[in-house]
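> Mind folding the following:
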Amino acid sequence: MTVSSAPDPMLPEPLRIARAKRETHGVFTFELDVSARGGFPFLPGQFNMLYPFGAGESAISISSDPHQPDRLEHTIRAVGAVTRAIERLGRGDVVGVRGPFGSAWPIREAEGRDLVVIAGGIGLAPLRPVVYHALRRREAFGKVALLYGTRTPDDILYRKEIERWRGRLDVEVEVTVDTAGSDWRGNTGVVTKLISRAAFDPGRAFAMICGPEIMMRFCARELERLGVSLDRIWITMERNMRCGTGLCGHCQFGPSFVCKDGPVYRYDRVQDLLLVREV
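Just a heads-up that it's a prediction; the model follows:
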């Protein structure tokens, strides 16, 4: 299911930046003002095409709470010309928005089961709406675990939120870093090491993963080893999306188009494609 609000999916809608927040070095979050349009409904996992006028477009996952459509947030890493142009904008500036596009995380299908959310680096941003939903409807899930890995402690996103989540008794939150100084008191190592230590029943668990492709493959392999069925493991792909509607073909992924058939995929349907270098 895809939520659509714009009559012409190729026409950017100008929205003003209401708030800007620096998350880490090179990563920032923008909240866009959607009050004039009455909110911006979307499904967790969907993305928008953001257009800083005169600089081109970039596909960015929506990272806000799906239960609060009056707030529209995107967490962005400045890595190319378009995202660096967005980074230079601030409160009051205007950015063009097309969307929402794409498939969603199967959160309704996961209800009644244990939920395992695994994120690597900025991969927490596309999964943040899932966490919001699970915490708002906590009674609809069994055990809930968030496993999050970054390169260093300085790369941890949403620090204050993570601390609030960790303070809850009904959700397990574990954070690990690849490398850290002597002042780090948390876990060290890749995020896959956290999976076997998390409290969930593999026979009834749903897993949702976002991060570098190699990380997602190893996480899926570890989940399968523990007994999680591959048809209950879902990943999200962020591959060179340009039009958002499957017209340009730039994001073709085997027989599918990431912008239209993804970005959220069931792992058993794409695992072989992840091993093909040119796909």
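> Residues in a beta bridge with the nearest residue to residue 122 once chain neighbours are set aside, which ones?
Among residues not flanking residue 122 along the chain, residue 77 sits closest, at 5.1 Å (C-beta to C-beta, 6 or more residues apart in numbering). Yep, even glycine has a C-beta here, placed from its N, CA and C like the rest. Beta bridges link residue 77 to residue 27 when assigned by DSSP bridges.
> Hmm, residue 77 is touching residue 84, no?
No: contact criterion C-beta atoms under 8 Å: residue 77 and residue 84 do not qualify, at 10.0 Å.
> okay, the two: which has more neighbours?
Set residue 77 next to residue 84 and count neighbours by other C-beta atoms under 10 Å: residue 77 wins out with 18 against 15.
> pLDDT value on the more buried one, please?
pLDDT recorded at residue 77 is 96.
> Next: residue 240.
You'll see residue 240 listed with a pLDDT of 66.
> Could you do the one 10 residues further on as well?
The predicted structure scores residue 250 at 80 on the pLDDT scale.
> Could you measure from residue 242 over to residue 49?
For residue 242, the distance to residue 49 (C-beta to C-beta, to the nearest Å) stands at 8 Å.
> ranges for the helices of this protein?
With DSSP state H applied, the chain shows helices at 81-87, 107-110, 124-136, 159-166, 192-195, 213-226, 258-261, 267-270, listed in chain order.
> Taking their axis directions, the fourth one and helix 124-136 sit at what angle?
Going by axes from the mean of the first three to the mean of the last three C-alpha atoms, to 10 degrees, helix 159-166 is angled at 40 degrees with respect to helix 124-136.
> What part of this structure, helix or strand, is modelled with the least confidence?
Least confident helix or strand, the chain: strand 252-253 with a mean of 83, by mean pLDDT, DSSP states H and E.
> Could you list the domains of the protein?
Domain assignment of the chain by automatic domain parsing yields the ranges 13-101, 107-236.
> Measure how far the shortest one is from the centre of its chain, please.
Think domain 13-101. Between the centre of domain 13-101 and the centre of its chain there are 14 Å (C-alpha atoms, centre = their mean, to the nearest Å).
> And the longest one, by the same measure?
Between the centre of domain 107-236 and the centre of its host chain there is 12 Å, according to C-alpha atoms, centre = their mean.
> and the gap between the residue of the chain most remote from its centre and residue 188?
No residue in the chain sits farther from the centre than residue 182, which is 30.3 Å out by C-alpha atoms, centre = their mean. Per C-beta to C-beta, residue 182 is found 11 Å from residue 188.
> and if you look at residue 108?
On the measure of C-beta to C-beta, residue 108 and residue 188 end up 36 Å apart.
> Check residue 100 too.
Taking C-beta to C-beta as the measure, residue 100 falls 37 Å from residue 188.
> These two: who's more crowded?
Each of residue 100 and residue 188 has its neighbours counted (other C-beta under 10 Å); residue 100 has more, 25 against 12.
> need the contact list for residue 69.
Residues counted as contacts of residue 69 (C-beta atoms under 8 Å, 6 or more residues apart in numbering) are 34, 39-42.
> What of residue 199?
143, 145, 172.
> neighbours of the second one, just the number please.
In this case it means residue 145. Residue 145: 21 surrounding residues under other C-beta under 10 Å.
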